[in-house]
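K.L.:
attaching a predicted model along with its sequence, questions to come.
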Amino acid sequence: MAAIASGVGAVVGFFFLFFFAASPYGEAALVEHTFVVSQIKLNHLCNETLVTVVNGQLPGPAIEVTEGDSVVVHVINKSPHGVTIHWHGVKQLLNCWADGPVMVTQCPIQPNNNFTYRFDVVGQEGTLWWHAHVGCLRATVHGALIIRPRPGGSGSYPFPKPDKEIPIIIGEWWEISPVELEKGIAKGDFTDLPRSATINGKLGDLNNCSGVIEDNYILDVVRGKTYLLRMVNAALHSEYYFKIAGHTFTVVSADANYVKPYTTDTIVVAPGETVDAMFVADAPPGRYYMVLVNSKTIEGPVQTRGVVNYIPSKGSDDTPILAPEITGQDDATTSFYFHGNLTSLPHSLMRPVPRNVDEQLLVAIDTGYTCEEGDPTCGPVSRMNNISFQLPTTTSLLQAHYYHNMSSSIREFPGRIPPGTVFNKGRTLKATSVRRVRYNTTVEIVFQGPPDGIVYSNPMHLHGHDFFVLAQGLGKYDATKDVQTYNLVDPPVRNTALVPISGWTAIRFVANNPGVWFLHCHFEKHVSSGMGMVLIVENGPTLETTLPPPPTDFPSCDDQSGGVAYE
Ligand SMILES: *[C@@H]1O[C@H](CO)[C@@H](O)[C@H](O)[C@H]1NC(C)=O
Ligand SMILES: *[C@@H]1O[C@H](CO)[C@@H](O)[C@H](O)[C@H]1NC(C)=O
Ligand SMILES: *[C@@H]1O[C@H](CO)[C@@H](O)[C@H](O)[C@H]1NC(C)=O
Ligand SMILES: *[C@@H]1O[C@H](CO)[C@@H](O)[C@H](O)[C@H]1NC(C)=O
Ligand SMILES: *[C@@H]1O[C@H](CO)[C@@H](O)[C@H](O)[C@H]1NC(C)=O
Ligand SMILES: *[C@@H]1O[C@H](CO)[C@@H](O)[C@H](O)[C@H]1NC(C)=O
Ligand SMILES: *[C@@H]1O[C@H](CO)[C@@H](O)[C@H](O)[C@H]1NC(C)=O
Ligand SMILES: [Cu+2]
């Protein structure tokens, strides 16, 4: 396999070390990258905006590996912010130290410091991604992590080999700085909005300022060829619907787990989720808009578009570009059906669904207040089972856990919805909450969103484990009735479960990865205001089921200069 330069939609490339040493015989290779985190200025919508990026690129460099490879990423922090990187969806078996969420597994890499992340990518194939896991920095510090089948391992894709693979990174363009955005959310001010969605860093021609129209992302295609879109929703704010005029897709994978081929004209991808979808360039040669529109949210439309351009091109540049019919906005059903229709594909990497549940958690996810409603001094917070999650400020939870030094102020996360909380606006506790489970416990979690009145879904992301999504439903979860609808045969396996608007989702997994794992909503406004908790998986009985010690160069927690650790 040849080294493949990533640089999807590279804006400025100024420092990009790349080393790729895959062996053709299917042995594991070492994939090494250097990520220089720095600030650059980008011009959009008549504004010069300072953004934090990796290697001068937005999106950042794609990491491309073969299943079984080892990855080494040297992160050099030349930005003024403390930084960590999370490898979203990588299971990190016995390697929690490399997971990255700030103050959960590590303290930030301080400005002018560096840290090397080392991890293996085993038993997973498809599209994952990486992003900063510090405040809102991931708005511009993100990129794809592409895992291809290993010859001698599973060998090949369980679908016809595409002619070309195209990463599609969905982002959002914010003019407010991530630090200001974070401060606003912490005060309960959820009103800041992105100016536009982006496709591979481009804002698209729906946006203009003083007559200057923003660039489209342009995908050149050749008639008759097949394309695999590797889609990542790296956005902070919205779930998105994606369409290409005149074309349909076959979804083949989600969150780096194969699904049975599913044909649709609309792809739905929530923050934290990935979707791999094939399409054939089988339309009459011409130009077609690809459109990205946010699904129903409290705040108004955020959209963008790019162009699928057949080459060699027939007409002149002013031939009209065909636009798809747009649903979205008020259409929550499209998302509900899209997620409900995914089933896992039988595959050598698949595990059977565990039948017996050791521990079931019922978890209400909603908003509340930390003081009496109507008190103008406290804004709303997000919460899980009446606790609004707070990060610790001095030592990461993983270090405290490993060194048996957990602060006594840490709360046990309740496994039941406190009676009466459900969605009243009463007082809520702000606390760091954790739940311990013994090694090998089969855990089922039912996430319950507010049954009515709230107009957002919640993409709940678990670190360190994939899980089966057994069922979703609308309204209030009914234990006796809804268990009957569980798919125990071929449920999709994911790392992010979308809890539908006014509904619930049930997931199940075996807690077989000792460590401290964040479970949180992937909407930034929710996680930064408290929609999270931490699952602590205890060591098993053997050395092979015990978390090893931290790497020797693990970032120090001593220097939390600047007060707020993750600014
Ligand atoms: C990384 O940091 C260490 C110690 O702080 C330093 O010795 C080393 O030179 C740094 N490496 C780079 C590439 O900046
Ligand atoms: C430029 O961005 C600032 C926020 O940083 C905003 O207040 C201002 O309206 C923007 N200017 C234009 C021309 O959009
Ligand atoms: C510029 O954007 C406005 C809406 O914001 C739109 O009405 C107008 O047609 C756009 N102009 C161009 C040249 O695209
Ligand atoms: C799958 O989608 C169809 C509409 O395309 C819908 O009627 C059906 O209910 C969906 N199935 C599930 C399990 O959500
Ligand atoms: C224990 O944790 C506290 C903060 O909770 C920290 O100040 C202290 O240094 C830690 N001690 C050790 C031995 O890690
Ligand atoms: C939620 O937590 C707050 C603060 O601890 C407490 O006052 C309130 O009674 C709790 N609500 C319920 C329904 O348990
Ligand atoms: C984990 O659970 C599985 C299935 O219940 C069992 O076969 C295995 O022995 C367990 N492993 C350990 C280390 O407890
Ligand atoms: Cu949420």
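P.N.:
Cool, the structure landed. Ligands and ions are numbered 1, 2, ... in the order given.
K.L.:
from residue 371, how far out is the closest residue to residue 475 other than its chain neighbours?
P.N.:
Nearest residue to residue 475 in three dimensions, chain neighbours excluded: residue 451, at 5.3 Å (CB to CB, 6 or more residues apart in numbering). Glycine gets a C-beta too; all of them are placed from N, C-alpha and C. As judged by CB to CB, to the nearest Å, residue 451 and residue 371 stand 25 Å apart.
K.L.:
which one's more surrounded, these two?
P.N.:
Taking other CB atoms under 10 Å, residue 451 and residue 371 do not tie; residue 451 has more neighbours (16 against 12).
K.L.:
phi first, then psi, for that one.
P.N.:
Main-chain dihedrals, residue 451, degrees, to the nearest 10: phi -60, psi -30.
K.L.:
might one say that it is in contact with residue 502?
P.N.:
Yes: between residue 451 and residue 502 there is a contact under CB atoms under 8 Å: 5.6 Å.
K.L.:
how many residues are close by residue 372?
P.N.:
Neighbours around residue 372, by other CB under 10 Å: 11.
K.L.:
per-domain residue ranges of this protein.
P.N.:
2-148, 164-340, 359-545 (automatic domain parsing).
K.L.:
gap between the second one and the chain center?
P.N.:
The offset between the C-alpha centroid of domain 164-340 and the centroid of the whole chain comes to 15 Å, using CA atoms, centre = their mean, to the nearest Å.
K.L.:
which pLDDT value goes with the one residue in the stretch 101-250 of the chain that gets nearest to ligand 6?
P.N.:
With CB to the nearest ligand atom, the shortest gap between the stretch 101-250 of the chain and ligand 6 falls at residue 188, namely 16.4 Å. Listed pLDDT for residue 188 reads 85.
K.L.:
how many residues are close by the residue nearest to it when sequence neighbours are not counted?
P.N.:
Once flanking residues are discounted, residue 188 sits nearest to residue 379: 1.7 Å by CB to CB, 6+ apart. Neighbourhood size, residue 379 [other CB under 10 Å]: 18.
K.L.:
swap in the one 4 residues further on?
P.N.:
For residue 383, the neighbour count with other CB under 10 Å is 27.
K.L.:
hang on, it in a strand?
P.N.:
Yes: assessed with DSSP: H, G, I helix; E, B strand; the rest coil, residue 383 lies in a strand.
K.L.:
beta partners of it?
P.N.:
Beta bridges link residue 383 to residue 366, judged by DSSP bridges.
K.L.:
quick one, what contacts it?
P.N.:
364, 365, 366, 367, 368, 389, 428, 530, 531 (CB atoms under 8 Å, 6 or more residues apart in numbering).
K.L.:
repeat for residue 165
P.N.:
146, 227, 228, 230.
K.L.:
change it to 10 Å
P.N.:
The contact partners of residue 165, by CB atoms under 10 Å, 6 or more residues apart in numbering, come to 4, 64, 127, 146, 148, 227, 228, 229, 230, 276, 278.
K.L.:
intersection of neighbour lists for residue 451 and residue 502?
P.N.:
With CB under 10 Å, 6+ apart as the test, residue 451 and residue 502 both reach 474, 475, 476.
K.L.:
could you measure the last one against residue 54, distance?
P.N.:
So the one you mean is residue 476. Taking CB to CB, one finds residue 476 at 43 Å from residue 54.
K.L.:
so between those two, which is more surrounded?
P.N.:
residue 54 (30 against 16).
K.L.:
for that one, which non-adjacent residue is spatially closest?
P.N.:
The shortest distance from residue 54 to any non-neighbouring residue, by CB to CB, 6+ apart, is to residue 60 (3.6 Å).
K.L.:
can you get me a residue count around the one you found?
P.N.:
31.
K.L.:
verify the stated contact: residue 215 with residue 306.
P.N.:
Yes: counting by CB atoms under 10 Å, residue 215 touches residue 306, with 9.1 Å between them.
K.L.:
what strand or helix carries the residue positioned nearest the centre of the chain?
P.N.:
Nearest to the mean C-alpha position of the chain, counting by CA atoms, centre = their mean, stands residue 272 at 1.9 Å. Assigned by DSSP states H and E, residue 272 belongs to no helix or strand.
K.L.:
what's around the closest residue to it other than its chain neighbours, how many residues?
P.N.:
Excluding its sequence neighbours, the residue lying closest to residue 272 (CB to CB, 6+ apart) is residue 522, at 3.3 Å. Residue 522 has 26 neighbours, counted by other CB under 10 Å.
K.L.:
equivalent analysis for residue 55, please.
P.N.:
For residue 55, using other CB under 10 Å, the count is 25.
K.L.:
confirm that residue 50 sits in a helix.
P.N.:
No: counting by three-state DSSP, residue 50 falls outside a helix, being strand.
K.L.:
how near is residue 384 to residue 438?
P.N.:
With CB to CB as the criterion, residue 384 and residue 438 are 21 Å apart.
K.L.:
before we move on, the earlier item: ok, which of the domains of the chain comes nearest residue 554?
P.N.:
The closest of those to residue 554 is domain 2-148. By CB to CB, the value is 6.5 Å.
K.L.:
around ligand 5, pick out the residues from the protein.
P.N.:
For the chain, the residues in contact with ligand 5 (CB under 6 Å from any ligand atom) are 394, 395, 400, 403, 405, 407.
K.L.:
thank you, goodbye.
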